[in-house]
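In: Take a look and give me a structure for this.
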Amino acid sequence: QVQLVESGGGLVQAGGSLRLSCAVSGRTVSSYGMGWFRQAPGKEREFVAAISRGGRNTLYTDSVNGRFTISKDNAKSTVYLQMNSLNPEDTAVYYCAAVDGGAYYYTARKHSEYDYWGQGTQVTVSS
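Out: All right, here's what the predicted structure looks like:
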């Protein structure tokens, strides 16, 4: 059974950085396209970033483009989200998700495309 476990969240001041990790167990992360979503209080879960199964294609939502970087380490079966220049609007619970199989170069943006989800990690950015 596939399990996704996020870590690395916390409290940071505006302008700071955090790196989120998502450890994938059950099958190697190279089997999946991966993504990060976030959900702020009172808001719907929104797409943040995705990386293709092959690891060479990435996609970001406009609000984080240039500040966040998604990457994957197949040897460690882990996906990362490096978050720089954080601002209070980035405060949310961040979720890691996996697409089972999928095209080698495809990056999934829709919530409904993902098959597995982690439990989430809280990121709080103070002003």
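In: Centroid-nearest residue for the protein?
Out: Residue closest to the mean C-alpha point of the chain, counted by Cα atoms, centre = their mean, is W36 at 2.3 Å.
In: which of the residues in the helix or strand containing that residue are buried?
Out: W36 is part of strand 32-39 when elements are defined by DSSP states H and E. For strand 32-39, a neighbour-count test (16 or more other Cβ atoms under 10 Å) marks Y32, G33, M34, G35, W36, F37, R38 as buried. (Each C-beta comes from the backbone N, C-alpha and C, glycine too.)
In: pretty sure the first one is in contact with V24, am I right?
Out: Read it as Y32. Yes: applying Cβ atoms under 8 Å as the test, Y32 and V24 come out as touching, 6.9 Å apart.
In: what residues are shared contacts of the two?
Out: Contact criterion Cβ atoms under 8 Å, 6 or more residues apart in numbering; residues shared by Y32 and V24: A98.
In: and the helix or strand encompassing T124, what's its mean pLDDT?
Out: Using DSSP H and E, T124 sits within strand 121-126. Averaged across strand 121-126, pLDDT comes to 98.
In: what does that strand contact?
Out: Outside strand 121-126, the residues that reach it (Cβ under 8 Å, 6+ apart) are 6-14, 16, 18, 20, 38, 83, 86-94.
In: how about a cut-off of 7 Å?
Out: 6-9, 11-14, 18, 20, 86-88, 90-94 (Cβ atoms under 7 Å, 6 or more residues apart in numbering).
In: Just the residues you listed: which are in helices?
Out: Assignment to helices by DSSP state H places none of the contacts of strand 121-126 there.
In: Please pick the buried ones from those residues.
Out: E6, G8, G9, V12, L18, L20, L86, D90, T91, A92, V93, Y94.
In: dump the residue contacts of the residue of the chain most remote from its centre.
Out: Taking Cα atoms, centre = their mean, the residue of the chain most remote from its mean C-alpha position is S127, at 23.0 Å. Neighbouring residues of S127 by Cβ under 7 Å, 6+ apart: A14, P88.
In: now it: how far from E89?
Out: Look at S127 and E89: by Cβ to Cβ, to the nearest Å, they are 10 Å apart.
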